[in-house]
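K.L.:
mind folding the following:
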Amino acid sequence: MATTAGMLLAVCATALAAWLRSLRPIGPASSSMGTGDAGWMPPLAYAALALLEPRWCVFLPLAAYDLACAGPPVSGSASARPAVYGTGRTTVRLAVDIVVRFAWALPLLRPVAAYLHDGPSAAVVRPSTLLTAALCTALGFALGRSERDVAGSRRALRSERDTARQEARDARTRIADLDEERARAVRVAALGERTRIAREIHDNVGHLLTRAIMQAKAGGAVADATDDRTASAGFAALGATLDDAMTMVRRSVHDLEDDGTDFAAQIDAAAHAFDGASPGFRVAMTCDVASAPAPVARCLATVIRESLSNTARHSAARTATVTLRDFPALWQLVVLDPGPRLDEGAEPARVAGEAPRGMGLADIAERVRAVGGTSACGPYGDGWRVFAAIPKGPWAVHDDDDTNGGA
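P.N.:
You can find the predicted model right below:
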């Protein structure tokens, strides 16, 4: 009956210890006294009961296994303790840890002491049974230590794996950012080089061709005055050839300038050109348009600058919003300021030669109309709104013509 009770208590203690260990990770990472470290209490209690009832020693392997698996019974990191063995408090912690870990040995020593002191007749447990229990208990303790070390290694491996994955994600993000920055730098360099080439052609070749055209016309005029028809025909042919060359040079320069136009940079520069134009004045921009033909880009940038200029001169607003939307059939631009508008007497005086108010709106309408779009400017609440819409259809046709011509 006593043996059966001991077995039931051992199984219950093992189950309770496993549940307590599950509340916190098992292994050296458990660094503070808490609920998760209480897994050593049930097996320690069973070892104390086995000390009173020697026949329960046969179930000590379960208690030894649980004591080996449990976390440290005192607070403090296990990895940090060896570095401070010299302190008194750490020595006490180490001593308590050793006593708790090897508490299963005390119930085994009592029958041995009784056997040696009183002889074989006083032995409650047979020597063979006691030896088998001792070997099994030592084996259980070793298995518990191994399980604890394996659990700690698994946890460390998972931590290292998570760290490696995070570092890999960070590395991929950095590489993507570097690739994007490099592509942007290459594009900016290419656009700058195209603009430089266009400027060089315009300043050098264009001027030389202009002088040659003027010389050909002057020569033709002299030939006509002297009634030299042969020279006149030669100068006329030379002038026609030079005109064709000038036309091709202009077309090449315009193409290079169009290819050298960075839409995002051009729109951003136009939108933020008036930041700080008056104390506290700021421009907020929202742009969904990735790219647009060069004439459309120049038109949008001009409309933005003109609209913000009117806001800075004729409105008391401290903010303005620029919104560019890319719809399937058109590009849409809205420049809005919340107002209020300045009174006529409060507006800053115009300098001599400055266009009166209203000429800017007419210029906006003219420029938008030139690229096939429509515009509307007028009051909106207490402020002012400039609206422009440019259809994509005509520009898609031009792109197709350019592509076919290039082919």
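
K.L.:
now A103: closest residue in space, sequence neighbours ignored.
P.N.:
In space, and not counting its chain neighbours, A103 is closest to A47: 4.6 Å by C-beta to C-beta, 6 or more residues apart in numbering. For glycine as for every other residue, the C-beta is placed from the backbone atoms N, C-alpha and C.

K.L.:
check the offset of the helix or strand harbouring the one you found from the chain's centre.
P.N.:
Element membership for A47, per DSSP states H and E: helix 41-52. Averaged C-alpha coordinates place helix 41-52 at 56 Å from its chain's average position (C-alpha atoms, centre = their mean, to the nearest Å).

K.L.:
give the buried residues for that helix.
P.N.:
M41, P42, P43, L44, A45, Y46, A47, L49, A50, L51 (16 or more other C-beta atoms under 10 Å).

K.L.:
which one's the longest helix in this structure?
P.N.:
The helix spanning the most residues in the chain, taking DSSP state H as the definition, is helix 127-200.

K.L.:
so how far is that helix from its chain's centroid?
P.N.:
18 Å.

K.L.:
list the buried residues for the helix or strand following that helix?
P.N.:
Next along the chain after helix 127-200, taking DSSP H and E as the criterion, comes helix 206-225. Going by neighbour count (16+ other C-beta under 10 Å), the buried part of helix 206-225 is L209, A212, I213, A216, G219, G220, A223.

K.L.:
and what of stretch 176-192?
P.N.:
For stretch 176-192, the neighbour count (16+ other C-beta under 10 Å) marks L191 as buried.

K.L.:
now stretch 298-310
P.N.:
Applying 16+ other C-beta under 10 Å to stretch 298-310 flags R298, C299, L300, A301, V303, I304, R305, E306, S307, L308, N310 as buried.

K.L.:
which stretches in the protein count as helices?
P.N.:
Under DSSP H, the chain gives helices at 2-22, 41-52, 60-69, 88-101, 105-118, 127-200, 206-225, 229-259, 263-272, 294-314, 359-370, 393-406.

K.L.:
looking at the ones you listed, which is buried most?
P.N.:
helix 60-69 (a mean of 26; mean count of other C-beta atoms under 10 Å).

K.L.:
packing partners for that one?
P.N.:
Contact analysis of helix 60-69 by 3 or more C-beta pairs under 8 Å, 6 or more residues apart in numbering; DSSP states H and E lists helix 2-22, helix 41-52, helix 88-101, helix 127-200 as its packing neighbours.

K.L.:
give the rounded mean pLDDT of it.
P.N.:
Here helix 60-69 scores 85 as its mean pLDDT.

K.L.:
for stretch 218-236, same thing?
P.N.:
86.

K.L.:
of all the helices of the chain, which lies closest to Q332?
P.N.:
Q332 sits nearest to helix 294-314 of all these, at 10.1 Å, using C-beta to C-beta.

K.L.:
run the angle between the closest one and helix 263-272 for me.
P.N.:
If you take axes from the mean of the first three to the mean of the last three C-alpha atoms, to 10 degrees, helix 294-314 sits at 10 degrees to helix 263-272.

K.L.:
give me the helices and strands touching helix 294-314, please.
P.N.:
helix 229-259, helix 263-272, strand 319-326, strand 330-337, helix 359-370, strand 383-391.

K.L.:
in TSV: these, plus distance to R148.
P.N.:
Converted to TSV, the helices and strands packed on helix 294-314 look like this (distance: least, C-beta to C-beta, whole Å):
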stretch	distance to R148
helix 229-259	69
helix 263-272	59
strand 319-326	62
strand 330-337	67
helix 359-370	77
strand 383-391	72
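
K.L.:
so which of those gets nearest D177?
P.N.:
Judging the helices and strands packed on helix 294-314 by C-beta to C-beta, what sits closest to D177 is helix 263-272, at 17.5 Å.

K.L.:
pLDDT (mean, whole number) over the closest one?
P.N.:
84.

K.L.:
quick one: low-confidence parts of the protein?
P.N.:
1-2, 24-37, 71-88, 114-115, 117-125, 254-261, 277, 343-359, 397-407 (pLDDT under 70).

K.L.:
what residue is smack in the middle of it?
P.N.:
Geometric centre of the chain, nearest residue: T173, 7.1 Å, by C-alpha atoms, centre = their mean.

K.L.:
quick check: the gap between it and E160.
P.N.:
Applying C-beta to C-beta, to the nearest Å, the value for T173 to E160 is 20 Å.
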